[in-house]
Structures are given as C-alpha cells and as structure tokens.
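Peer 1: I need the structure of the sequence given here:
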Amino acid sequence: MALLAFSGSFDHSLDSKGRVIIPASFREALGENFTITINPTKTAVAIYPKEVWDGQLERLSHINPMDKVGLQYERYLMSVSFSGNSMDAQGRVLIPAKLRAKIGLTKDIVFVGLNHFIEVWDAEVYARMEAQTEEDFDSLVDYVYEKYPT
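Peer 2: You can find the predicted model right below:
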C-alpha cells in the first residue's frame, strides 16, 4: 500500500476536553488506527499513521536490552506515545493531556503536514518558528540539497 503524503498547514482549536478536529484533507491518509506522540525535536505533537509508526517500532526493536542509552530513548518515547487512536464521527481526536502539557499546547493550534506524519503545534510557537524559517529559507534549501542529493 502506497502511503499518502501529508502537506499543508491548518489552523484549528482544541476544545475544553483537549479534542480537535483532524483536517479533512489528512483523514484518509491518517487512517483508522494511529499513534499520537511527541515529535523528534520535542517541539510539537506528532500523529503517525499505523504503517509509519510500525516502522518506528521496528527500529526500536533493534535496541539491545543492555544498551542503557538506547533504552533511555525507547523508554521516554514509549512513555509519551499513545497508540490505537481513531477519530470519532465528527473527525475529532483527543490529544492526551500529558502531551498537551509537555508541548504547551493552548487553545489555538496549527496542524502541519510533514510528508509521512502530522505535527500539531501551539499556534504562537509555530508562528515564531515559521518566521525564523522564512528568514533562513535560502540556507535551508542549500543544506537539504547538499545533505540529501537525489
């Protein structure tokens, strides 16, 4: 099965219970069973379709049980990962309170498609990061094309 790519950004709001409506354009690619966790830079919530998350779990399965550093990473990641999620009939999902607190999500959030997964940012934090990215865009382009040539 070919994975659909996530792209675009969408402003949304968390309700009083910590639920949010998944953008309609993300719903098909996200599927029925997904994992909500922290993104790799600990700056946003990440939502992974099952197939992509399964790849992350495969990587973790190679950590030697005697590797204290590897286990520390795995322990933390798994403690902030919530699998088996699905949307309700309105397309809503609950962002776990533990993740909302760690990321500092407020009512206003931004969904960002990041190719194989979705990030959920606090809107104010995302606006600052986006402004910095726009300022640095030329050097970012150079970096990516040098580091990841086709």
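Peer 1: residues making contact with stretch 17-24?
Peer 2: 8, 10, 12-14, 30, 87, 90-97, 100, 109, 111, 120 (Cβ atoms under 8 Å, 6 or more residues apart in numbering). Where you see a C-beta, it was placed from the backbone N, CA and C, and this is true even at glycine.
Peer 1: Tell me which residues of it come out buried.
Peer 2: Neighbour counts over stretch 17-24 (16 or more other Cβ atoms under 10 Å) mark 20-23 as buried.
Peer 1: where along the protein do the strands fall?
Peer 2: 9-13, 19-21, 34-38, 45-49, 82-85, 92-94, 108-114, 117-122 (DSSP state E).
Peer 1: Serialize those to JSON lines and add fields for distance to Glu74.
Peer 2: Output for the strands of the chain, formatted as JSON lines (distance: least, Cβ to Cβ, whole Å):
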{"stretch": "strand 9-13", "distance to Glu74": "30"}
{"stretch": "strand 19-21", "distance to Glu74": "28"}
{"stretch": "strand 34-38", "distance to Glu74": "12"}
{"stretch": "strand 45-49", "distance to Glu74": "16"}
{"stretch": "strand 82-85", "distance to Glu74": "14"}
{"stretch": "strand 92-94", "distance to Glu74": "24"}
{"stretch": "strand 108-114", "distance to Glu74": "22"}
{"stretch": "strand 117-122", "distance to Glu74": "18"}
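Peer 1: Now these in CSV, please, with extra columns for mean pLDDT and distance to Asp142.
Peer 2: Converted to CSV, the strands of the chain look like this (pLDDT from 0 to 100; distance: least, Cβ to Cβ, whole Å):
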stretch, mean pLDDT, distance to Asp142
strand 9-13, 97, 23
strand 19-21, 97, 35
strand 34-38, 98, 29
strand 45-49, 97, 26
strand 82-85, 96, 37
strand 92-94, 97, 37
strand 108-114, 97, 20
strand 117-122, 98, 23
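Peer 1: Which one of those strands lies nearest to Leu140?
Peer 2: strand 108-114 (14.5 Å; Cβ to Cβ).
Peer 1: Great, nothing more from me.
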